[in-house]
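Enquirer: next comes the sequence, and after it the predicted model I'd like to discuss.
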Amino acid sequence: MKKTVMALEGQPKPLLWVATPQRLIAIDMSKLKINHYEDASKLKINHYESRDFEIHSLPVFRMLNLVENEFPFGMRFFIRDSKLYMVGGEKPRRGASPKLYPHLKNVGHDELFGDRGLSPYVYVLDLTRLDSSTDLDLLKHHTSMLAAKPTPIVEEIEGKIYVLSGTPSQSHCLLPTPTFEVYDPLIEQWKPLDQPPFYREGCSNCQEFEVIDHSVLGTTIYVLTCNLMDDFYHYYSYNVNEGNWKFLGESEDKLPVPYHFTPMFTGKFVPGYNDIYIFFLGDIPYAALIPSNDRSPTRYQALNEVDGALYHRQVASYSGLVVQLGEHEMCIMKPGSVQAKEGSLRPFHIILYMATFKVEKLLHSSSSAQDRGLKLLRTADASDVSQTSSHHDNDVQDIRAPFLSITCLSKGFYYLDEWGPEASYICSAFFHQLSTHEM
């Protein structure tokens, strides 16, 4: 019997789709609520042992274990016309224990799949179909990339999809070329792009450079790599209009963009406010108000209303994620691990701090700054962005007069035991309203 969606007739179900290297998860956001926690500074014991601190089960609507269903590990995705496209990744060796999947270097590849275990394939999930949201049927797309790409970077810029090879789990493998290509959905064709300078042609040791992170501003992709020979960080940029790579140096202080737009700082603009940017600074979510002219500094405001005040005290955190939900609405997600209570079967729990909120400008901040935000989004290399903001974390200060009103819609800590043994790393996430009828 086919599974059905339990939704009231005519009511859309708000789903947050989350991709990890091993799983695709749909979270039912209608079941999220505001959970209140006592200030950890007032507790004499660890907050997670307090009766005032409660961790809930994540309201998972549907979940697909990609690897157990014969799909590659570490795929990345993009959204186009209500369809989810998952690309690249690596296929673990057949028969390997699922507990080893997070550590593919100890597992090895399925050499008969794709290009020696690396995937050039594209899989599609139609989000408008009822069975796509119940059975999560991924279908192989009729086009494939020109070359396989492990843990790829995937970004949509001006209607085209740019895919860059990430770092494979096997350091001795030969990285297929082209390592960088673009997909035009209008003509359904892939085209090779210039080889990145950090990937040498025919490199037998793919991990001479490791891709650490990336960011996008306007039409420029910024990439942070680590040279494993000398442990130095290197910054590069690629402008899709100019079609060439540039080496930007080894320090973020030299980059032509404010620090919150650089790799390692996860953030998004607020829908409807092109000059309000939400990002993580360490474990703390911040808002940045982009100035309307180059003479004014960027203003910052800590989002205390949705900040997990207990989070930074006792939880070992991982990279956070910022997700756009709709007009003026945002979501922040911060995974991590916490020590289990005495007597538990596991020494620690994988947890997630998650909050949703509505953003409104205060009257004194509603100037012509939106024009500045649009200019940032459209600039080719962002060289005109004001450099008045410091690049150092400890220089970020809240302004005395907040420029935003934040209304918390939900917040709380959630167990991620459904994820199994994999590390709590989130590749990407997006919001989608599932409109369907009860069957």
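Expert: That came through fine. Quantities reported herein were computed from a predicted structural model and do not represent experimental measurements.

Enquirer: pairing partners for the longest strand anywhere in the chain, with directions?
Expert: For the chain, the strand with the greatest residue count under DSSP state E is strand 348-361. When pairing is defined by DSSP bridges, strand 348-361 lines up against strand 329-339 (antiparallel), strand 404-415 (antiparallel).

Enquirer: for the last one, buried residues please.
Expert: The one in question is strand 404-415. Neighbour-count burial for strand 404-415 flags 404, 406, 409-414 (criterion: 16 or more other Cβ atoms under 10 Å). For every residue, glycine as well, the C-beta is placed using N, CA and C.

Enquirer: which one of those residues sits closest to F73?
Expert: Y414 (23.7 Å; Cβ to Cβ).

Enquirer: quick check, that closest one in contact with V60.
Expert: No. If you go by Cβ atoms under 8 Å, Y414 and V60 don't touch, sitting 9.5 Å apart.

Enquirer: what mean pLDDT does stretch 185-202 have?
Expert: In this model, stretch 185-202 has an average pLDDT of 87.

Enquirer: dump the buried residues of strand 404-415 to JSON lines, plus pLDDT and distance to Q433.
Expert: Putting these into JSON lines (pLDDT from 0 to 100; distance: Cβ to Cβ, whole Å) gives the following:
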{"residue": "L404", "pLDDT": "94", "distance to Q433": "25"}
{"residue": "I406", "pLDDT": "95", "distance to Q433": "23"}
{"residue": "L409", "pLDDT": "94", "distance to Q433": "15"}
{"residue": "S410", "pLDDT": "93", "distance to Q433": "16"}
{"residue": "K411", "pLDDT": "90", "distance to Q433": "21"}
{"residue": "G412", "pLDDT": "87", "distance to Q433": "22"}
{"residue": "F413", "pLDDT": "85", "distance to Q433": "26"}
{"residue": "Y414", "pLDDT": "86", "distance to Q433": "21"}
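
Enquirer: of all those residues, which comes closest to K140?
Expert: When the buried residues of strand 404-415 are compared for distance to K140 (Cβ to Cβ), Y414 wins out at 32.7 Å.

Enquirer: show me what contacts that closest one?
Expert: Listed by Cβ atoms under 8 Å, 6 or more residues apart in numbering, the contact partners of Y414 are 55-58, 351-354.

Enquirer: PyMOL command to pick out the buried ones of the residues you listed?
Expert: Of these, the buried ones go into a single PyMOL selection, burial set by 16+ other Cβ under 10 Å:
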select buried, resi 55+58+351+352+353+354
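
Enquirer: show me the helices in the protein, by range?
Expert: Ranges of helices in the chain, per DSSP state H, are 130-134, 311-314, 369-378.

Enquirer: ok, back up a step: list the buried ones in the longest strand of the chain?
Expert: Neighbour-count burial for strand 348-361, counted by 16+ other Cβ under 10 Å, picks out 349-359, 361.

Enquirer: residues contacting the closest residue to G89 other than its chain neighbours?
Expert: Closest residue to G89 apart from its sequence neighbours, by Cβ to Cβ, 6 or more residues apart in numbering: P72 at 3.0 Å. Counting by Cβ under 8 Å, 6+ apart, P72 touches 66, 88-91, 113-114, 119, 121.

Enquirer: farthest-separated two in those?
Expert: Based on Cβ to Cβ, the longest span within the contacts of P72 runs between L66 and G114 and measures 14.5 Å.

Enquirer: I figured G243 hits P192, correct?
Expert: No. With contact defined as Cβ under 8 Å, G243 does not count as touching P192 (11.5 Å).

Enquirer: so between the two, which is more surrounded?
Expert: Using other Cβ atoms under 10 Å, the more surrounded residue of G243 and P192 is P192, with 14 against 10.

Enquirer: what's the separation between the closest residue to the more buried one other than its chain neighbours and L164?
Expert: In this structure, P192 finds its nearest non-sequential neighbour in P178, 3.8 Å apart by Cβ to Cβ, 6+ apart. P178 sits 10 Å away from L164, going by Cβ to Cβ, to the nearest Å.

Enquirer: repeat that for H349.
Expert: 34 Å.

Enquirer: ok, D283 next?
Expert: With distances taken as Cβ to Cβ, D283 is found 28 Å from L164.

Enquirer: any chance of a markdown table for the contacts of P72, columns distance to L303 and neighbour count?
Expert: A markdown table is the format used below for these (distance: Cβ to Cβ, whole Å; neighbours: other Cβ atoms under 10 Å):
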| residue | distance to L303 | neighbour count |
| --- | --- | --- |
| L66 | 33 | 23 |
| G88 | 33 | 28 |
| G89 | 34 | 28 |
| E90 | 36 | 30 |
| K91 | 40 | 24 |
| F113 | 43 | 19 |
| G114 | 42 | 22 |
| S119 | 38 | 28 |
| Y121 | 39 | 20 |
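
Enquirer: and those residues, which is closest to L434?
Expert: For these, the nearest to L434 is L66 (20.2 Å; Cβ to Cβ).

Enquirer: and that closest one, how far is that from Q195?
Expert: L66 is 29 Å from Q195, where distance means Cβ to Cβ.

Enquirer: and stretch 274-292, end to end?
Expert: End-to-end distance for stretch 274-292: 11 Å, by Cα to Cα, to the nearest Å.

Enquirer: and stretch 239-253, by the same measure?
Expert: 20 Å.

Enquirer: now stretch 69-87
Expert: Where stretch 69-87 begins and where it ends lie 16 Å apart, using Cα to Cα.

Enquirer: quick one: average pLDDT of it?
Expert: Stretch 69-87 carries an average pLDDT of 88.

Enquirer: same deal with stretch 151-163?
Expert: 94.

Enquirer: show residues contacting it.
Expert: Residues outside stretch 151-163 that contact it (Cβ under 8 Å, 6+ apart): 21, 74, 76-80, 85, 87-90, 145, 149, 164-168, 180-186, 193, 211, 214, 216, 219, 221, 223, 240.
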